[in-house]
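Colleague: Pasting a predicted model and its sequence here:
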Amino acid sequence: MLNVKCVSKSFGGLQAVRNVDMTLREGEILGLVGPNGAGKTTLLNMISGVCRPDAGGIYFEEENITRLTLDAICKRGIAKTFQHPRSFPGLSAKEGVLISALYGNGHKPGMKQAQVEAIECLQRVGFPDEKLDCPLGTLNTIDLRKTQLARALASKPKMLLLDEIMTGLTPSEGKEAIKLIRSLRDEGLTILMIEHVMKIIMEVSDRVVVLDQGEKIAEGTPREVAADERVIESYLGEQYHFQEH
Ligand SMILES: Nc1ncnc2c1ncn2[C@@H]1O[C@H](COP(=O)(O)OP(=O)(O)OP(=O)(O)O)[C@@H](O)[C@H]1O
């Protein structure tokens, strides 16, 4: 479904992403991990059109989307959450999602229908009903992330790019989040997620890609990646222990 071919990106003299190849099959959950500054967000930003690669190409459903705008990529069916969402602090949570339901990927429902869809998306991600009318600028980080996810879902995407939406969750919230991600996949969404919480990545991902200093250093099933010496050395720090179910 997604084919990232030999993509690179520099900021001034700093090479944030270097010759990275990555593919995503339809209906799969791919976890993207690596130390701080490894280039994970930059890679997601290139896929979603927030920034453009200096070299290489990105193909979605076989179309070259490398040079398309953020808006055009969203209309193709790729939605992204932001690690540090800052937009529209004066809008209410409901209105923030409504914009996406109205204009997200070109399906253009009427206002009434869009309002229903916006609230459904917020409820789906566990956003508290009593905060629907609160300005985005007043929400705590967890609720703000929920609005981000709801906003992404309201655009009715085929592929979701999630940038650390689960950091800071309590263990029970983490469990709910895992359930939600799985249910979204079961409904046909393809998911690429950056996450530092290893338990979540290892439990939910079909495959994991590991970046370090802009380069892909490993790729495989969670168990393969967790056993990789280079991954242990540069990222995990110690052997990851899987919980048997
Ligand atoms: N717009 C930018 N301008 C300059 N440097 C940037 C920019 N965006 C990212 N970088 C740099 O590129 C490198 C990769 O950053 P990136 O945010 O992609 O890493 P990351 O793996 O997502 O890190 P983290 O886990 O801390 O979010 C870092 O050194 C970062 O400082």
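Modeller: Happy to help now that I have it.
Colleague: For stretch 65-76, buried residues please.
Modeller: For stretch 65-76, the neighbour count (16 or more other CB atoms under 10 Å) marks 65-66, 68, 73-76 as buried. All C-beta spots, glycine's among them, are computed from the backbone N, C-alpha and C.
Colleague: got it, and stretch 94-109?
Modeller: Of the residues in stretch 94-109, 94-105 count as buried by neighbour count, 16+ other CB under 10 Å.
Colleague: What does the pLDDT read for Asp143?
Modeller: In this model, Asp143 is scored at 89, pLDDT.
Colleague: which residues does the most centrally placed residue in the chain bridge with?
Modeller: With distances taken as CA atoms, centre = their mean, Leu162 lies nearest the centre of the chain, 1.3 Å away. Beta-bridge pairing for Leu162 (DSSP bridges): Met193.
Colleague: contacting residues around it?
Modeller: Neighbour list for Leu162: 80-81, 149, 152, 181, 191-195 [criterion: CB atoms under 8 Å, 6 or more residues apart in numbering].
Colleague: now do 10 Å
Modeller: For Leu162, the contact set (CB atoms under 10 Å, 6 or more residues apart in numbering) comprises 29, 31-32, 44, 79-81, 83, 145, 148-149, 152, 177, 181, 184, 191-195.
Colleague: In helices only, show me those.
Modeller: Members of the contacts of Leu162 lying in helices (criterion: DSSP state H): 44, 145, 148-149, 152, 177, 181, 184.
Colleague: Neighbour count for these - can I get that in a markdown table?
Modeller: Putting those into a markdown table (neighbours: other CB atoms under 10 Å) gives the following:
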| residue | neighbour count |
| --- | --- |
| Leu44 | 23 |
| Arg145 | 26 |
| Gln148 | 25 |
| Leu149 | 26 |
| Ala152 | 27 |
| Ala177 | 23 |
| Ile181 | 24 |
| Leu184 | 20 |
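Colleague: which bits of this protein sit near the ligand?
Modeller: 11, 14, 16, 34, 36-42 (CB under 6 Å from any ligand atom).
Colleague: Keep only those of the residues you listed that are in helices.
Modeller: Those of those mapping onto helices are 40-42, per DSSP H.
Colleague: Let me have these in TSV, extended by neighbour count and pLDDT.
Modeller: Converted to TSV, these look like this (neighbours: other CB atoms under 10 Å; pLDDT from 0 to 100):
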residue	neighbour count	pLDDT
Lys40	26	96
Thr41	22	94
Thr42	22	96
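Colleague: Which of these sits closest to Tyr240?
Modeller: Distance to Tyr240 across these (CB to CB) is lowest for Lys40, with 18.0 Å.
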